[in-house]
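**Q** model this:
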Amino acid sequence: MLVTHPGRQHSHQAALALQKAGLLAGYWAGVPSLAEHGRLVPRALWRRLVAYAPVPLEPSRVRWVPWVPGLRRLGDRLPGGAAREADFAVCRLFDRWVARRLPRAGTAEGISAVIACEISALATFRAARARGMTTLLDAPSIHWAAQDRLHGTLDPPGLHRRIVRVKEEEIALADHVLTVSELARQTYLEAGVPAEKVHAIPLGADLSLFRPDGTEEAPRQGFTFLFAGATIHRKGFDLLLAAFARVAAEVPDARLRVVGPRGDEAHLLERYAALPIEVVGPLDQRGLAAEFRRAGCLVLPSRNDSYAMVVTEALAAGLPVIVSEMVGAKDLVREGKNGWIVPAGDAAPLAVRMLACARDREGLRAMREECRRSVEAATWEAYHERFAELVRRIVP
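**A** Okay, here's the model as predicted:
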């Protein structure tokens, strides 16, 4: 099987699963995957292009497409709609690059199936089907119709129509659709995609990195709510700020710490400038693990999060969580034991739950062991086994 992706996300984990099972024909990605790729790029440019660790894949099976991250970074500098147009164009170019390089079925490269990510799978699937290959769509998000219903889009109308058209054609050409949670799978079924075609494979976490270490906050530091993610509407950042304002009014030593890239609702922080909110910005995995160990509770009130690996990682670090009902990783939450699930799109119940947590700090600390136990089976190794088992079952 061939795995392709214009970036990375969790595609390298699928490639690792297939390699372990002896089923990987190739991994073609925009993000560099091997340590040796770093020797081909000046160090300063390398840091701007990629913030990912190398992947232990067989070098002969890996192809890196360096112009993809380069063009995406250039596109990021464009204003609003133009940046989204540029990113869409790069994904489509990568898709066509893959399609032109697919070997004929039965050739020496031995590719009988291809996994491609949404928006960069259309040309690949057309070429693959012409060669008799099985097509699997990597769907990291919920179905586009559910996204539109839940929170709309910031894309210009014309671009949004083109994206929807591409996604619909990709779904039609896919023999199978791979989602990252049962929540995401259900949105595809609601859109009319046959149940036997859609499969949920929940993601994993690095439990050796994300783990408790006995660190607790000093009393003088108060109680810290942690938000880990982009400050965007989809992740409910506006709801979090509104809820925290209510909590801070009643619990003077409560604070909010925001870790992650700046997004479309970062400007709302100006409205809450008087509140004890610390904005840290993006961190690497080790930095994020340290944040989990120092916080009192993770809060993720997303309007839509197909999975949200930060939930698994936080629980692995012993941190209780508050998530919305539209977070795929909610399946890991055991109400009142390692966290809570609140309604999506509503700041009021979120504020009630956050306030209760800020007032019961000993109760939250007592949950730490259960948090860790609840994700002991959510490892990347377990994901690899589930992924390989599914592939063996659905690919001829």
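
**Q** rest of the way, CA atoms for contacts and neighbours
**A** Fine.

**Q** and the nearest residue to residue 328 once chain neighbours are set aside, how far is that from residue 94?
**A** The shortest distance from residue 328 to any residue other than its chain neighbours is 4.0 Å, reached at residue 307 (C-alpha to C-alpha, 6 or more residues apart in numbering). As judged by C-alpha to C-alpha, to the nearest Å, residue 307 and residue 94 stand 25 Å apart.

**Q** got the domain ranges for this protein?
**A** Per automatic domain parsing, the structural domains of the chain span 2-203+380-394, 219-374.

**Q** ends of the first one, how far apart?
**A** When you say that, I think you mean domain 2-203+380-394. So domain 2-203+380-394: terminal residues 15 Å apart, C-alpha to C-alpha.

**Q** likewise for stretch 210-225?
**A** End residues of stretch 210-225 are separated by 18 Å (C-alpha to C-alpha).

**Q** so after the helix or strand of the chain with the lowest mean pLDDT, what's the next helix or strand?
**A** Scoring the helices and strands of the chain by mean pLDDT, DSSP states H and E places helix 43-49 at the bottom, with a mean of 53. Counting by DSSP states H and E, the element after helix 43-49 in chain order, helix or strand, is strand 62-64.

**Q** show me where the stretch 251-396 of the chain has its helices.
**A** Ranges of helices in the stretch 251-396 of the chain, per DSSP state H, counting those that start in this stretch, are 285-294, 309-316, 347-359, 361-365, 368-374, 380-394.

**Q** tell me which of those helices sits most buried.
**A** Comparing these by mean neighbour count (mean count of other C-alpha atoms under 10 Å), helix 309-316 comes out on top with a mean of 26.

**Q** which strands or helices does that one pack on?
**A** helix 285-294, strand 321-324, helix 368-374 (3 or more C-alpha pairs under 8 Å, 6 or more residues apart in numbering; DSSP states H and E).

**Q** just give me how far the helix ranked longest in the chain sits from the chain centre.
**A** Under DSSP state H, the helix in the chain containing the largest number of residues is helix 80-101. Averaged C-alpha coordinates place helix 80-101 at 20 Å from its chain's average position (C-alpha atoms, centre = their mean, to the nearest Å).

**Q** now stretch 25-40
**A** Put simply, stretch 25-40 sits 20 Å off its chain's centre (C-alpha atoms, centre = their mean).

**Q** any buried residues in stretch 152-161, and which?
**A** 155, 159 (16 or more other C-alpha atoms under 10 Å).

**Q** average model confidence for that stretch?
**A** Stretch 152-161 shows a mean pLDDT of 92.

**Q** quick revisit: for residue 239, find the nearest of the helices and strands packed on helix 309-316.
**A** Residue 239 lies closest to strand 321-324 among the helices and strands packed on helix 309-316, at 10.9 Å (C-alpha to C-alpha).
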